[in-house]
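Trainee: take this sequence and fold it.
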Amino acid sequence: MITKILHYYKGIVKVRIVSHSPERFFNLCRHHQIILYELVFQEGYYECQMCLRDFRMIRPIARKSHTRLFIIGKYGLPFFLYRNRHRKVTYISCIAFIAVLYIMSLFIWDIQFEGNRKYTDDVLMTFLHSQGYVQGMKVSTVVCEDLEKAIRNKYDDINWVSARIDGTRLVVKIKENTGILKIEENDQKEGDLIADKEGTVVSVITRKGTPLVHKGDFVKAGDMLVAGIINILDDGGGVIAQHRVQADADVVLERTYEYNDFVEASYIKRNYGKERTHYFVQFFNYRFQIFPIKKEDNMEIITSKYQCHLFSNFYIPIYYGSCQEKRYEEEVQYYTQEQTEQLCEQNLQHYFENLEKLGVEIIQNNVTIKWEGNGCDASGTIIVHEKTGTLSKQQQIEETTKINEYY
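Mentor: Numbers count the residues shown, from 1 in each chain. Okay, the predicted model is just below:
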């Protein structure tokens, strides 16, 4: 493939060789390093191809070997340019096209996100616009390291960000924190465990520190659960020293959640009529459409837009797509009592699933569903077991020692 491209660039001449001693002609060509391609023998003559540069050097060799050469065909870029030498507009257009491509390659025309699930492309694109990263900005002004830091500082649940430039595209890959519990590295060497919610203590499992609450105690948000202190005792049970540590324990509270939900039996159904599709072409922010659509009441417009690109990563600011126009009429319909109760039950089960994802254990369900004539009302309480406890920020203090008089 590369050889054919080089031959086309240099120019190929197909000739017919007529000679009484072709062997001498071939030997002279070999001596002068003239390469003959696709040499074939016909009835009384030979046919072959050679580069344009070699053909210009072969006339003395043909004269010396008494060989006659007949040109059968001319192929390649030099002959194409010579045949079209009077078409100046074509050359100017090609040069202008190459210049435009080069200028457009200096800008970013497409921004894509990969790996995002929680945050949509529109949310991330709005943030990038606020930071000055927009379509049409110069490639030289894009600092991928600053962009990565800005995204990580803005969204705490994004763990990893990688930005790179592919052609005229800015590709941003992110990795979100998909875990339920957020684990943070704590460099504190000491601290107390404080309650972040209120409830009745069910169990206390202390791994490090001194527990201050026991089973059955009622605590409020801000109360100290486990003190970050370890007492060192002597043989008689007296305290001879205290060490400040980072408290670590599992404290489970029994809490009560209030649940209220109402599902109406009536709902609005949309009956769609005939659909119409309109096509458009967009250049930068200017859209050209033969039949523009005017948004009216009881109308949905679904737009599909695609961006043109010359290569896999060379995007240009030209778009095409279609607008689908859907008109509808709204009609009020009603669920049956059984269907309404099922919807209300589904909402309750979805609420339970969300609690379980947060690590909450449901102990008792006191929610009742009642039919009110125009819908179902679900109300009541939910008793759960839930972990509590956050580390308080303590300043490092010196270790205090109390020495027994006996020693």
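Trainee: from here on, contacts and neighbour counts on C-alpha atoms
Mentor: OK.
Trainee: how many residues are close by residue 24?
Mentor: 17 (other C-alpha atoms under 10 Å).
Trainee: what's around the spatially closest residue to it that is not a sequence neighbour, how many residues?
Mentor: What sits nearest to residue 24 in space, not counting adjacent residues and going by C-alpha to C-alpha, 6 or more residues apart in numbering, is residue 65, at 6.4 Å. As a burial measure, residue 65 scores 18 neighbours (other C-alpha under 10 Å).
Trainee: then the one 3 residues further on?
Mentor: Here the count is done by other C-alpha under 10 Å, and residue 68 has 14 residues near it.
Trainee: go on, the one 10 residues further on?
Mentor: When neighbours are counted by other C-alpha under 10 Å, residue 78 registers 15.
Trainee: need the pLDDT of it.
Mentor: Predicted confidence (pLDDT) at residue 78: the value is 91.
Trainee: poorly predicted segments of the stretch 51-200 of the chain, please.
Mentor: For the stretch 51-200 of the chain, residues meeting the criterion pLDDT under 70 lie at 178-189.
Trainee: how about the strands in the stretch 201-350 of the chain?
Mentor: Assigned by DSSP state E, counting those that start in this stretch, the stretch 201-350 of the chain shows strands spanning 210-211, 218-219, 224-227, 229-233, 239-244, 248-264, 266-283, 286-289, 299-309, 315-334.
Trainee: partner strands of the third one, with direction?
Mentor: This means strand 224-227. Using DSSP bridges, the strands paired with strand 224-227 are strand 193-194 (antiparallel), strand 210-211 (antiparallel).
Trainee: how about the second one?
Mentor: The pairing partners recorded for strand 218-219 under DSSP bridges are strand 199-208 (antiparallel).
Trainee: can you add mean neighbour count and give the strands paired with strand 224-227 back as TSV?
Mentor: Converted to TSV, the strands paired with strand 224-227 look like this (neighbours: other C-alpha atoms under 10 Å):
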stretch	mean neighbour count
strand 193-194	24
strand 210-211	21
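Trainee: same list, these, but as a markdown table with distance to residue 330 please.
Mentor: Shown next, in a markdown table, are the strands paired with strand 224-227 (distance: least, C-alpha to C-alpha, whole Å):
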| stretch | distance to residue 330 |
| --- | --- |
| strand 193-194 | 54 |
| strand 210-211 | 62 |
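Trainee: to residue 389, which of those lies closest?
Mentor: The closest of the strands paired with strand 224-227 to residue 389 is strand 193-194. By C-alpha to C-alpha, the value is 5.2 Å.
Trainee: next one: the closest one to chain centre, how far?
Mentor: 39 Å (C-alpha atoms, centre = their mean, to the nearest Å).
Trainee: other residues contacting it?
Mentor: Residues from elsewhere that reach strand 193-194 (C-alpha atoms under 8 Å, 6 or more residues apart in numbering): 221-228, 247-249, 389-392.
Trainee: tell me the one among those residues nearest to residue 288.
Mentor: residue 390 (58.7 Å).
Trainee: so who does that closest one touch?
Mentor: 193-196.
Trainee: can you select the buried ones from the contacts of strand 193-194 in ChimeraX?
Mentor: Buried members of the contacts of strand 193-194, defined by 16 or more other C-alpha atoms under 10 Å, are picked up in ChimeraX with:
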select :223,224,225,226,227,228,247,248,249,389,390,391,392
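Trainee: hmm, back to that, what sits against the residue nearest to residue 24?
Mentor: 19, 21-22, 24-25 are the contacts of residue 65 under C-alpha under 8 Å, 6+ apart.
Trainee: what separates it from residue 380, distance-wise?
Mentor: According to C-alpha to C-alpha, to the nearest Å, residue 65 and residue 380 sit 111 Å apart.
Trainee: what's the answer for residue 52, then?
Mentor: Distance of residue 52 to residue 380, given as C-alpha to C-alpha: 93 Å.
Trainee: more neighbours, these two?
Mentor: Per other C-alpha under 10 Å, whichever of residue 52 and residue 380 has more neighbours is residue 52, with 19 against 14.
Trainee: now the residue nearest the centre of the chain: closest residue in space, sequence neighbours ignored.
Mentor: With distances taken as C-alpha atoms, centre = their mean, residue 114 lies nearest the centre of the chain, 1.5 Å away. Here the nearest residue to residue 114 in space, its sequence neighbours aside, is residue 173; by C-alpha to C-alpha, 6+ apart that works out to 4.7 Å.
Trainee: secondary structure element for residue 62?
Mentor: helix 59-64 (DSSP states H and E).
Trainee: and residue 167, how many residues sit next to it?
Mentor: 18.
Trainee: actually, residue 145.
Mentor: 12.
Trainee: contacts only, for it.
Mentor: Contacts for residue 145 (C-alpha under 8 Å, 6+ apart) come out as residue 163.
Trainee: am I right that it falls within a helix?
Mentor: Yes. Assessed by DSSP: H, G, I helix; E, B strand; the rest coil, residue 145 belongs to a helix.
Trainee: would you check how far apart it and residue 159 are?
Mentor: Going from residue 145 to residue 159 by C-alpha to C-alpha gives 15 Å.
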